[in-house]
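Undergrad: Compute the structure for the input listed below.
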Amino acid sequence: MNRNEVRHRVIATLLKADGPLARDELLALCELPESDVQPVLAELVGSGQVVEGLLVPGRAAPQYRWAARWAERTRREAADSRKRLSWAVDPGEILPERKLEIDSPHVSAFHRYVIDEYSPPADKRLLVILQCSVRRPFSSSPSHASMRRAIRVATGADPARDFEACDVHVVVLASRIGPVPYELEDVYPANVGGGGVKHFRDEQYGRVRPILAARMAEYLTARRGSYDHMAAFTDGRYGEVMRDARRIAGADLPVFPRRDGPAIVRMGRSKPRTYWQKYWIQLYLEIVRWLARPGQAAAKRRLEELDVVYR
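TA: Down below sits the predicted model:
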């Protein structure tokens, strides 16, 4: 059987499947040897047409699913999470920014939902924790634009605009809440703007720092089996909180950026001016380290196309 025929049979089998297929299941349904199927699978995964990984916990890995169908499942799960969170918080009266505190009932309800009821999308085995921003939603801020660029260049998909297709799951360290998954960033009270911990008075920061660290550690502990790799991209006080959380949870969680780490000198004809424009390369390099060889090669090509020079 030639390669095109093998490709057709593999695609047809994945499209007919009701859920992810382990490699042995796929081979059995295709009635083909692994030596014929594996090169086709690698090509389909590399082009983004097929998703590969531990898609359903408790079953043999790797598992495979036609990407468009897996993205639709992720889209439905995200919409359902937003709906269930809205019911759980049930704000009644929407509190203004000045009255919304870390121990407000709505904030506590949000956090308990994320820890006790929420489940990260099953296809997102890579976790990146980002710090919050003044602007809402978080993903619309200039700082997140640079951090999202790191993820987009590494994986080929934007974690906000291409949520269903992106392999990376973003969780935001929000100053008045704690962990906020990207797909819930537009749900009250996460959608209420305001200054972050870097704007807090020393005594206020001293009070909220251990609370935020405990909440982030709680997320890391509760979701320990959901991710294959994790990293935080949090600076200043946000970095302090995440290092505290890492210690409490006993988590293998590198915290970027590092002052002595790589920094971008030039991208095309422009020179970076802001902190995030300079240091997103560190997050990019960490994510690339997590990828399989074909993904690493594609990430390198995307970086070269941007003409990025870093030291």
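Undergrad: Please identify the nearest residue in space to M216, excluding sequence neighbours.
TA: A245 (3.7 Å; CB to CB, 6 or more residues apart in numbering). Any C-beta I mention is one placed from the backbone N, CA and C, and that applies to glycine too.
Undergrad: tell me which strands and helices the helix or strand hosting the one you found is in contact with?
TA: In the assignment (DSSP states H and E), A245 maps to helix 236-249. Judged by 3 or more CB pairs under 8 Å, 6 or more residues apart in numbering; DSSP states H and E, helix 236-249 is in contact with strand 168-174, helix 202-222, strand 229-233, strand 255-256.
Undergrad: Pick the most buried one from these.
TA: strand 168-174 (a mean of 26; mean count of other CB atoms under 10 Å).
Undergrad: So what touches that one?
TA: Residues outside strand 168-174 that contact it (CB atoms under 8 Å, 6 or more residues apart in numbering) are 120-121, 124, 126-132, 138-139, 151, 154-155, 159-160, 179-182, 185, 190, 212, 216, 219, 227, 232, 234, 238, 241-242, 287.
Undergrad: Equivalent analysis for stretch 151-165, please.
TA: Taking CB under 8 Å, 6+ apart as the rule, stretch 151-165 contacts 48, 67, 71-72, 74-75, 78, 128, 139, 144, 148, 166-170, 182-183, 283-284, 287-288, 291, 295, 298-299, 302-303, 306.
Undergrad: Excluding covalently adjacent residues, which one is nearest to the spatially most central residue of the chain?
TA: Centroid-nearest residue in the chain: H169, 1.6 Å away (criterion: CA atoms, centre = their mean). Excluding the flanking residues, the one nearest H169 by CB to CB, 6+ apart is K124, at 3.6 Å.
Undergrad: How many neighbouring residues does that neighbour have?
TA: 24 (other CB atoms under 10 Å).
Undergrad: and it, what is it in contact with?
TA: With CB under 8 Å, 6+ apart, K124 has these contacts: T74, C166, D167, V168, H169, Y227.
Undergrad: Touching, C132 and V180? I think so.
TA: Yes. Here C132 reaches V180: they are 7.5 Å apart, a contact under CB atoms under 8 Å.
Undergrad: where does the chain have its least confident helix or strand?
TA: Lowest mean confidence among the helices and strands of the chain (mean pLDDT, DSSP states H and E): helix 67-89, at a mean of 81.
Undergrad: Name the next helix or strand following that helix along the chain.
TA: Downstream of helix 67-89 (by DSSP H and E), the next one is helix 105-116.
Undergrad: and that next one, C-alpha only, in CSV?
TA: What follows is helix 105-116, C-alpha atoms only, in CSV (Å, rounded to 0.1, in the frame of the first residue of the first chain):
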residue,chain,number,x,y,z
PRO,A,105,-17.4,36.5,48.7
HIS,A,106,-17.5,36.7,44.9
VAL,A,107,-13.7,36.4,44.7
SER,A,108,-13.8,33.4,47.1
ALA,A,109,-16.5,31.7,45.1
PHE,A,110,-14.5,32.2,41.9
HIS,A,111,-11.4,30.6,43.5
ARG,A,112,-13.3,27.7,45.0
TYR,A,113,-14.9,26.9,41.6
VAL,A,114,-11.5,26.9,39.9
ILE,A,115,-10.0,24.5,42.6
ASP,A,116,-13.0,22.3,43.3
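Undergrad: and the helix or strand just after it, what other elements does it pack with?
TA: Where DSSP H and E defines the elements, the next helix or strand beyond helix 105-116 is strand 126-131. Here strand 126-131 touches helix 142-155, strand 168-174, strand 229-233, helix 275-290, going by 3+ CB pairs under 8 Å, 6+ apart.
Undergrad: Which other helices and strands does the shortest one contact?
TA: Applying 3+ CB pairs under 8 Å, 6+ apart, we find strand 229-233 packed against strand 126-131, helix 236-249, strand 255-256, helix 275-290.
Undergrad: Let me know the average pLDDT across the first one.
TA: Confidence for strand 126-131, expressed as mean pLDDT, is 98.
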